[in-house]
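[1] Give me a 3D structure for the following:
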Amino acid sequence: MVKKEEKFDFEKALAGLEKLVETMEAGDMSLEDSLKQFERGVALTRSCQKALADAEQKVQILLQNSGGGELEAFKVDETD
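    Coordinates of the predicted model:
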């Protein structure tokens, strides 16, 4: 039986990564479990980074196809 590829859920992966960090920061895990969770965290991080890169590429393509201008760097207001 062929397994269907699941659609990547960025928000779910990010929430899982946040929970994983909280669990590891608590310090109640064995070294072996910590290493396993760290490996899982690295995989989640890479998946999230790929999803963000794909989204950025789609935005660039849409801007090019619509005759939009150049992308500008997002500026964060650090006065908060």
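
[2] got a list of contacts for stretch 11-30?
    Ser34, Gln37, Phe38, Arg40, Gly41, Leu44, Thr45, Ser47, Cys48, Ala51 (Cβ atoms under 8 Å, 6 or more residues apart in numbering). The C-beta positions use only the backbone N, C-alpha and C, and glycine is treated the same way.

[3] Just the buried ones out of the residues you listed, please.
    Buried members of these, scored by 16 or more other Cβ atoms under 10 Å, are Leu44, Ser47, Cys48.

[4] out of those, which one sits closest to Gln60?
    Cys48 (18.9 Å; Cβ to Cβ).

[5] Does that closest one belong to a helix, a strand or coil?
    helix (DSSP: H, G, I helix; E, B strand; the rest coil).

[6] mind checking pLDDT for it?
    Here, the pLDDT recorded for Cys48 equals 95.

[7] Let me see the contact set for Arg40.
    Counted by Cβ under 8 Å, 6+ apart, Arg40 has contacts Leu20.

[8] now Asn65: how far from Gln57?
    Separation of Asn65 from Gln57 (Cβ to Cβ, to the nearest Å): 13 Å.

[9] no, scratch that, I was asking about Arg46
    From Arg46 to Gln57 the distance is 16 Å (Cβ to Cβ).

[10] Nearest residue to the residue most central in space within the chain in space, please, no chain neighbours.
    The C-alpha lying nearest the average C-alpha coordinate of the chain belongs to Cys48 (Cα atoms, centre = their mean; 2.0 Å). Leaving aside its sequence neighbours, Cys48 sits nearest to Ala13 (Cβ to Cβ, 6 or more residues apart in numbering; 5.5 Å).

[11] what number of residues lie near that neighbour?
    A count of neighbours around Ala13, defined by other Cβ atoms under 10 Å, yields 16.
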